[in-house]
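>>> what follows is a predicted protein model with its sequence.
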Amino acid sequence: MSWKYSDKEYIKIFRKMLNWEWYTDVNTTKLFLHCLLKANWKDGSWHGYKYKRGQFITSLPTLSRETGLTVRQVRTALNHLKATGEVTDWHDTKIRIITVNFYDPYQGSDRPKGSQATGKRQASDRQATADIRSIRSKEDKEDKEIDLRSELTQQELEEGGWGFD
């Protein structure tokens, strides 16, 4: 199925994306932009499957066809996006629903008329943001501890090895 979009439909892309950890990974960046473009701006349903604002229904072969990536490249890029919390997905044997986490912060309130995010969804997004920040904070702390251990090991090596004289 081919969708026709008007010149009045748009998404926001923040310049801070240039600092995003996956920005230099072409396949992951391409897939994430595709997800932003495909995400629905309002709740709906398709063939009995319900989706919410910020979600869209697809499959790996469809994403492959739409992006020009192989199914394997799509799967790898999707795993990158899931690992760092940009998207989540659910699938069964027929479809895959991809959720762009933090869709509202990305797209703000400049959405087409008739679209209203519920307080529950916004609260859920805020909680997910807090959870991911907490996870990233813990990861940053662990990285710093590893760096510190590396520096100490290097210092010990420079001072004559592992303490054996």
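That came through fine.
>>> the protein: strands as residue ranges?
44-46, 49-51, 55-58, 87-91, 96-100 (DSSP state E).
>>> gap between the closest residue in space to Gly54 that isn't next to it in sequence and Phe56?
Among residues not flanking Gly54 along the chain, Tyr103 sits closest, at 2.9 Å (CB to CB, 6 or more residues apart in numbering). Yep, even glycine has a C-beta here, placed from its N, CA and C like the rest. Note on Tyr103: its distance to Phe56, by CB to CB, to the nearest Å, is 10 Å.
>>> got it, and Leu81?
Applying CB to CB, the value for Leu81 to Phe56 is 14 Å.
>>> what sits in contact with each of these two?
Cys35 (CB atoms under 8 Å, 6 or more residues apart in numbering).
>>> neighbour count winner among the two?
Per other CB atoms under 10 Å, whichever of Leu81 and Phe56 has more neighbours is Leu81, with 22 against 18.
>>> and the gap between the more buried one and Trp46?
As judged by CB to CB, Leu81 and Trp46 stand 22 Å apart.
>>> what do you get for Asp92?
Look at Asp92 and Trp46: by CB to CB, they are 14 Å apart.
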